[in-house]
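Participant: return atomic coordinates for the entry below.
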Amino acid sequence: MPIVNRIADFAEDMKTWRRHLHQHPELGFDCHETAAFVVEKLKAFGVDEVHEGIATSGVVGIIEGNGSGPTIGLRADMDALPMEETTGLDYASTVPGKMHACGHDGHTTMLLGAAKYLAETRNFSGRVALIFQPAEEGGGGGDVMVQEGMMDRFDITEVYGIHNAPNREEGAIYTNDGPIMAAVDTFHIDITGVGGHGAMPHETRDPVVAAVGMATAIQTIVSRNHHAVEDLVVSVTQIHTGTTDNVIPETAYMNGTVRTFNKEVQAMVMQRMEEIVAGQAAAYGVKAELRYEVGYPATINDPAKAAFATEVAREVAATVDGDVGREMGAEDFSYMLEARPGAYLFLGQGDGPSVHNTGYDFNDAVSPVGASFFARMVERAAPLKSAS
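Facilitator: Residues are numbered from 1 along each chain as shown. Here you go, the predicted structure:
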């Protein structure tokens, strides 16, 4: 792979950093040890400014280039997942119930690699803002960093992020010139009926039957209420009720996820969900409360920035696809793209367990590719100005 030679020189260092981070996962906004490791490295690299405590444990490092120019934002997420690792690796998580199952340890490492190179070479004008973000896996750390004024505070003009992609060609980079990841919403339904003996259902208002009816009806939102060309997922993922075989319970709980790209489709789902829950509750003689939580918006690349990022990717990766289409996963980098133009890309990991799997591990072989992409993006987006 045609990665930057200087970055290839310290690939083993990057592997060491990544495996250290893998052993010490942290959740949500509580990424203080990870942030301290990042700060230590940035200062050792000679990064000009290091700002801590953004969105609780987020870090922004600033590298000054040579001459005036824009500030290019590069983002990596730092948080892990509440899962028990089963890889058996000698550098597996040392924290029970927590693991880097989505590769954020690798994302942080790639940005650190780019930081080391850019601080050494400074072959660009303007500035680089190195964004190390907590709480991507719920909590919306990206939104909090934006709301705290990060973009204006550091005068960031454009922003880029990259995520690993298991079971894609190792070292390949791909993106899309527009929507690339979906908006994600969550719904909760609390059903209250009248419990009683399982042998005497006529004396009850059964929340189990109501829950099953609601789950079935909710699926018709996709099959009957939206245009087939608009991407939409509505999934009931939990139903909890009951304690034993001969008791009809009093309550039931349902939960699920909604994925959309179009705000009109999202609004339609919210309306139909309210109508279905109210109608089914009346039909079964129970009470039901819907709580619909709007989550991360769709991740939408700026077409021009995505096209430019694709050009840059071809300088560091053997395989590049700039028209890969969109997927129904979600990402809080979307908030940064709402605030500034930019692009989000994926980096192939090769074969292996997928993300959010207890057997997943980031592929260290691709760290130099991601770091090289970040570095070349800065050099291409803000080239040195010729002497007059």
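Participant: CA atoms for contacts and neighbours, from now on please.
Facilitator: Fine.
Participant: residues contacting the residue nearest to Val39 when sequence neighbours are not counted?
Facilitator: In space, not counting the residues next to it along the chain, Val39 is nearest to Val50; the distance is 6.9 Å by CA to CA, 6 or more residues apart in numbering. Applying CA atoms under 8 Å, 6 or more residues apart in numbering to Val50 gives the contacts 39, 42-43, 59-62.
Participant: and Val50, that's in a strand?
Facilitator: Yes: using DSSP: H, G, I helix; E, B strand; the rest coil, the secondary structure at Val50 is a strand.
Participant: which residue ranges of this protein form helices?
Facilitator: Applying DSSP state H to the chain gives helices spanning 5-9, 11-23, 32-45, 104-121, 141-147, 150-153, 207-218, 220-224, 263-284, 303-313, 333-339, 367-381.
Participant: tell me the bridge partners for the closest residue to Lys43 other than its chain neighbours.
Facilitator: On the basis of CA to CA, 6+ apart, the spatially nearest residue to Lys43 that is not a chain neighbour turns out to be Val50, at 7.4 Å. Beta-bridge partners of Val50, counted by DSSP bridges, are Gly61.
Participant: ok, now the one 4 residues further on?
Facilitator: The residues paired with Ile54 through beta bridges, assigned by DSSP bridges, are Gly58.
Participant: turn the helices of the chain into TSV, columns for mean pLDDT and mean neighbour count.
Facilitator: TSV is the format used below for those (pLDDT from 0 to 100; neighbours: other CA atoms under 10 Å):
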stretch	mean pLDDT	mean neighbour count
helix 5-9	95	15
helix 11-23	98	20
helix 32-45	98	18
helix 104-121	98	25
helix 141-147	98	22
helix 150-153	98	15
helix 207-218	98	20
helix 220-224	96	14
helix 263-284	97	16
helix 303-313	98	21
helix 333-339	98	23
helix 367-381	98	26
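Participant: which stretch among these comes nearest Ile248?
Facilitator: helix 207-218 (7.8 Å; CA to CA).
Participant: re the thing from before, ok, the residue nearest to Val39 to Ser57 distance?
Facilitator: Counting by CA to CA, to the nearest Å, the separation of Val50 from Ser57 is 13 Å.
Participant: also Gly46?
Facilitator: Between Gly46 and Ser57 the distance, using CA to CA, works out to 21 Å.
Participant: who's more crowded, those two?
Facilitator: Ser57 (22 against 15; other CA atoms under 10 Å).
Participant: my guess is the more buried one contacts Phe29, does it?
Facilitator: Yes: the pair Ser57 / Phe29 is scored as a contact, 6.1 Å apart, by CA atoms under 8 Å.
Participant: hey, what's in contact with both of these two?
Facilitator: Pro134.
Participant: rewinding a little: what's the spacing between the residue nearest to Val39 and Met268?
Facilitator: 45 Å.
Participant: again, but for His24
Facilitator: When distance is defined by CA to CA, His24 is 43 Å away from Met268.
Participant: what residue is smack in the middle of this protein?
Facilitator: Residue closest to the average C-alpha location in the chain (CA atoms, centre = their mean): Glu331, at 3.3 Å.
Participant: surely it and Glu136 touch.
Facilitator: Yes: the pair Glu331 / Glu136 is scored as a contact, 7.1 Å apart, by CA under 8 Å.
Participant: start and end of stretch 212-227, how far apart?
Facilitator: The straight-line separation of the ends of stretch 212-227 (CA to CA) is 25 Å.
Participant: wait, I meant stretch 158-173
Facilitator: Start to finish, the residues bounding stretch 158-173 are 20 Å apart (CA to CA).
Participant: buried sites along it?
Facilitator: 158-166, 168, 170-173 (16 or more other CA atoms under 10 Å).
Participant: on that earlier part again, now for the helices of the chain, which one comes closest to Tyr253?
Facilitator: Evaluated with CA to CA, those place helix 207-218 nearest to Tyr253, the distance being 7.8 Å.
Participant: angle of that closest one against helix 263-284?
Facilitator: Put simply, helix 207-218 runs at 150 degrees to helix 263-284, going by axes from the mean of the first three to the mean of the last three CA atoms, to 10 degrees.
Participant: so what does helix 207-218 touch, helix or strand wise?
Facilitator: Where contact means 3 or more CA pairs under 8 Å, 6 or more residues apart in numbering; DSSP states H and E, helix 207-218 is packed against strand 183-192, strand 232-241, strand 251-260, helix 263-284.
Participant: dump the ones you listed to a markdown table, plus distance to Val208.
Facilitator: Conversion of those to a markdown table gives the following (distance: least, CA to CA, whole Å):
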| stretch | distance to Val208 |
| --- | --- |
| strand 183-192 | 9 |
| strand 232-241 | 7 |
| strand 251-260 | 6 |
| helix 263-284 | 10 |
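Participant: relative to Gln147, which of these is closest?
Facilitator: Nearest to Gln147 among the helices and strands packed on helix 207-218 is strand 183-192 (18.7 Å), distances taken as CA to CA.
Participant: ok, and what's touching the closest one?
Facilitator: When contacts are defined by CA under 8 Å, 6+ apart, strand 183-192 is touched by residues 207, 210-211, 250-261, 286-299, 328-330.
Participant: switch the cut-off to 6 Å
Facilitator: Here strand 183-192 makes contact (CA atoms under 6 Å, 6 or more residues apart in numbering) with 250-261, 286-298, 330.
Participant: and the buried ones among those, selectable in PyMOL?
Facilitator: For the buried members of the contacts of strand 183-192, the matching PyMOL selection, counting by 16+ other CA under 10 Å, is:
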select buried, resi 250+251+252+253+254+255+256+257+258+259+260+261+286+287+288+290+292+295+296+297+298+330
